[in-house]
Structure formats: C-alpha cells, structure tokens
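> predicted model and sequence follow; I will ask about them next.
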Amino acid sequence: MQQANTDDLVEQRRYLMRYALLHLRDRDRAEDVVQETLAAALERGESFAGGSSVRTWLTGGILKHKIVDVFRARRREHTISELGDDEDDGRDSDALFDAAGAWQTPPASWGDPAKMLEQKRFMETLEKCNGALPERLAQVFTLREVTGLTTDEICAELGITPNNCNVMLYRARMGLRECLEKNWMTGGRPS
Amino acid sequence: MISCKEVSRLVSESLDRPLTLRERFWLRLHLWRCRSCGNFAEQMNAMRAAMRRLARSPDDPPERG
C-alpha cells in the first residue's frame, strides 16, 4: 500500500461509518461492518482514491449487503418484541387523530426546508431521533431512505409482506416526525 | 372526502410507490383545502431530503476518553 492511499482510506472510512451508523445505530456494530467492507475491498485490490464514485461502489457493492446480513441475524436472534414494535395495531397513529380521523394537533409548518437542512441542530436531532426508533421500524426505514431499496426489495431481503412494509414505513415516519417536533423545536433530547 | 389520517398514510405511501389515479385525485382534493396536511406532506419530503443528506456526510468520531 502506498502512503497516499492511507489518507483516502481514512476519508472513505468516515463516510462509510456515517452510512453504517444510520442503519445500525450502534458504533461498535458499525465499526465491524465498515472494517469488513474495507478489508473486502483491499482483498480485491481496490484503490480508495476516487472520492464519491468509489464510495458509491463501496456502499452499494459491499457495505449494504453486510448491513442486511446484520439485520437478518438480529431478526433471527431476537423475538419481535425485543426488537420493539409488533404488528400494526394502529394504536400509535390512532393517538394522533380524533375519532373522525382529524389531527389532534394539526401539523404546523417547519419553515423553509432548504434552510432547515442547513441547520446543524436539525440534522443532529434527526440522527438522534432515527437512533430512537424501534429496531424493526428502523431497519425498514433506513433501507428505504438511506440505501434507497424499493419496498419490494426490502420485503425480499427481510422476509416481510409488502403491506407490513408499508405500515412499518408509515409508523417510522410518524415516529420520527413526532420525535423531531418534540426535540428539535424545544431543544430537548430524544428519550 | 378522505380524512387527515387517511391522507397521512397516502402521503407516506406516495414516497414508496406511485399512487393510483383515484388516490392522487382524493389526495389533491384534500390537500387543496387542508393546510395541516399540506404542512405534513412538506415535512415528510423534508425528512427524506434530510436523511439522504445525512447519509452523504462524513462521521465525526466521538472523542476517545
């Protein structure tokens, strides 16, 4: 390995870590899959120079599969209740609406979305709220929103029904939104 | 008319699959009259954009004690 390649490797690692952390939400587990990803790339004689195009290949070609493997293993090892959240019973979302299906607390505007994305505190709160989602929901949600798998692909990878997948994505989004409302506006921390 | 609760589901599903003509019709009709659901739809789009942006940014490792 040349010296120049070490800097590239360190830089790639920082990006892969964020990607893995968003899915796995645990630094040790994220370090493991990122380590394995970089090792696999080295074995194939890949160079880490090349910035985002190499990163796309590292995440799509290797890291994504390692994350799905971890998800599957966790689903095998733990009962549904241990991973939080069971089949849709509608209770969560029911509390947000009255009997006629109208908002209990009507959503107010969050302001200019472009400005919001520039707010460090919004992005930090979003990551914390993602970390606070029940694991079963977070698995589906991050595969959809971070990796960009279709719901069909997620169903196939995790062995869940399409309807269940839609329900879980809905609940994840409602949960994330509630958490952001509670913690971003008021400056508190996700519980 | 469909309710805000049904609209919230449709807005979520619109992020994952193409809605049918009928669904789009009812959704648009509702959003035309309901500012709250309009805000909700904007928030869902913003959350998606923010998650993608987050995924593309590097991790700053915590200080090792």
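Right, received. Where do you want to start?

> and residue A:170, how far from residue B:7?
12 Å (CB to CB, to the nearest Å). The C-beta positions use only the backbone N, C-alpha and C, and glycine is treated the same way.

> before we move on, what about residue A:11?
43 Å.

> not counting sequence-adjacent ones, nearest residue to the residue in chain A that chain B sits nearest to?
Using CB to the nearest CB, residue A:101 is the residue of chain A that sits closest to chain B, at 2.7 Å. Spatial nearest neighbour of residue A:101, excluding adjacent residues (CB to CB, 6 or more residues apart in numbering or on different chains): residue B:3 at 2.7 Å.

> give me phi/psi at the one you found?
phi -80, psi 170 (degrees, to the nearest 10).

> that one and residue A:98 touch, don't they?
No - distance between residue B:3 and residue A:98: 9.4 Å, which falls outside the contact criterion (CB atoms under 8 Å).

> any stretches of chain B with poor pLDDT?
B:63-65 (pLDDT under 70).

> would you mind listing what in it touches chain A?
By the rule CB under 8 Å from any CB of the partner chain, the part of chain B lying against chain A is B:3-6, B:8-9, B:12-13, B:15-17, B:35-37, B:39-40, B:42-62.

> which residues touch the residue lying closest to residue B:55 once chain neighbours are set aside?
Leaving out its chain neighbours, the residue that sits closest to residue B:55 by CB to CB, 6+ apart is residue A:146, at 4.5 Å. The contact partners of residue A:146, by CB atoms under 8 Å, 6 or more residues apart in numbering or on different chains, come to A:19, A:22-23, B:51-52, B:54-55.

> the residue nearest to the spatial centre of chain A: which element?
Geometric centre of chain A, nearest residue: residue A:142, 3.0 Å, by CA atoms, centre = their mean. Per DSSP states H and E: residue A:142 is located in helix A:135-142.

> now for residue 30, how many residues are close by?
Defaulting to chain A. Neighbour count of residue A:30, defined by other CB atoms under 10 Å in any protein chain shown: 23.

> you looked at the wrong chain, it should be chain B
Count around residue B:30 with other CB under 10 Å applied: 19.
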